[in-house]
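**Q** Here is the input, now give the coordinates:
(2 chains)
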Amino acid sequence: MVTVRLPGSLRDLVGGANKVQAEGRTLDELLSDIDRRFPGFRARLVDERGAIRTYVNVYIGEHDARTRGGLGASLEGASEVMVIPAMAGG
Amino acid sequence: MSDELVLPRAVREEILRHALEEAPKECCGVLVGHDGVAERAVRCRNAHREPNVRYEIDPRDLYAVLRPMEDEDRELVAIYHSHPASPPVPSPTDRAEARWPRALHVLASWRTGAPELRAYRIEGDWMREVPVRES
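**A** Numbering: from 1, shown residues only, chains lettered A, B, ... in the order given. Below you'll find the predicted structure:
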């Protein structure tokens, strides 16, 4: 079981909780597990091409998931995932 | 969500100092605290490829500052950045890319040679300036 920490802007999608528990061997499976309980969750993080949205950062432990294969990143040994929307502007 | 930003003088000065030091690039960072009270400013790196006109907080810095807050009972009070050559008012890009509706947005500028700092709440196309109360 993995703890998924969520910032304020995503908490509304999971009933207001700041973290949820989920299962999966990969990040993709983990997001799909959450999406089964909270439909629409995955689409907020994953684009139409099946990649993590450019303005979303996902950390597996202390590692950026993009450096570990993106959605295909293994969660073996991981206990925590944190979703962090980008902070950007002009 | 608070309708004002409580900003200690030292934190305000730190934001303005950061803006001055990074010019002509935009500086960026976050204010950590609770209930609308900014206790400290945390400088972050601007990772955008056009840093003179855009900012994107380096995701590694975001993780480094946000993860400990989960255990410290502290919250993200505001996101700050500077407008080196324009007024401290949210740009269309600032509004389009605002993805933290519970955090205030603080803008700093030295465009006139004098320090300017304002705070806003941004949600979608809607934005509103909120008072900054020095403490």
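
**Q** Report the contact partners of B:Leu16.
**A** B:Ala108, B:Trp110, B:Pro115, B:Leu117 (Cβ atoms under 8 Å, 6 or more residues apart in numbering or on different chains). Every C-beta, even on glycine, is put in place using the N, C-alpha and C of the backbone.

**Q** again, only using 6 Å
**A** B:Ala108, B:Pro115 (Cβ atoms under 6 Å, 6 or more residues apart in numbering or on different chains).

**Q** Tell me the secondary structure of it, please.
**A** helix (DSSP: H, G, I helix; E, B strand; the rest coil).

**Q** Quick check: it vs chain A, distance?
**A** The gap separating B:Leu16 from chain A is 18 Å, by Cβ to the nearest Cβ, to the nearest Å.

**Q** Check B:Leu107 too.
**A** With Cβ to the nearest Cβ as the criterion, B:Leu107 and chain A are 9 Å apart.

**Q** Are we agreed that that residue is in a strand?
**A** Yes. Counting by three-state DSSP, one finds B:Leu107 located in a strand.

**Q** what's the burial count for it?
**A** 26 (other Cβ atoms under 10 Å in any protein chain shown).

**Q** nearest residue to it other than its sequence neighbours?
**A** Nearest residue to B:Leu107 in three dimensions, chain neighbours excluded: B:Pro88, at 3.7 Å (Cβ to Cβ, 6 or more residues apart in numbering or on different chains).

**Q** Quick check: the one you found is in a helix.
**A** No. Under three-state DSSP, B:Pro88 sits outside any helix and is assigned coil.

**Q** dump the residue contacts of residue 18.
**A** Chain wasn't specified; assuming chain A. Neighbour list for A:Asn18: A:Arg11 [criterion: Cβ under 6 Å, 6+ apart].

**Q** oops, I was thinking of chain B
**A** Going by Cβ under 6 Å, 6+ apart, B:His18 touches B:Cys27, B:Arg43.

**Q** if we can go back for a sec, pull up the gap between the residue nearest to B:Leu107 and chain A, please.
**A** B:Pro88 sits 12 Å away from chain A, going by Cβ to the nearest Cβ.

**Q** hang on, that residue packs against B:Arg118?
**A** Yes. Contact criterion Cβ atoms under 6 Å: B:Pro88 and B:Arg118 qualify, at 4.7 Å.

**Q** sec struct for B:Tyr80, please.
**A** Strictly by three-state DSSP, B:Tyr80 counts as strand.

**Q** in the sheet, who's paired with it?
**A** B:Tyr80 forms beta bridges with B:Gly29, B:Val106, as assigned by DSSP bridges.

**Q** Verify the stated contact: it with B:Glu14.
**A** No. With contact defined as Cβ under 6 Å, B:Tyr80 and B:Glu14 do not form a contacting pair (9.7 Å).

**Q** Those two - which one has more neighbours?
**A** B:Tyr80 (31 against 19).
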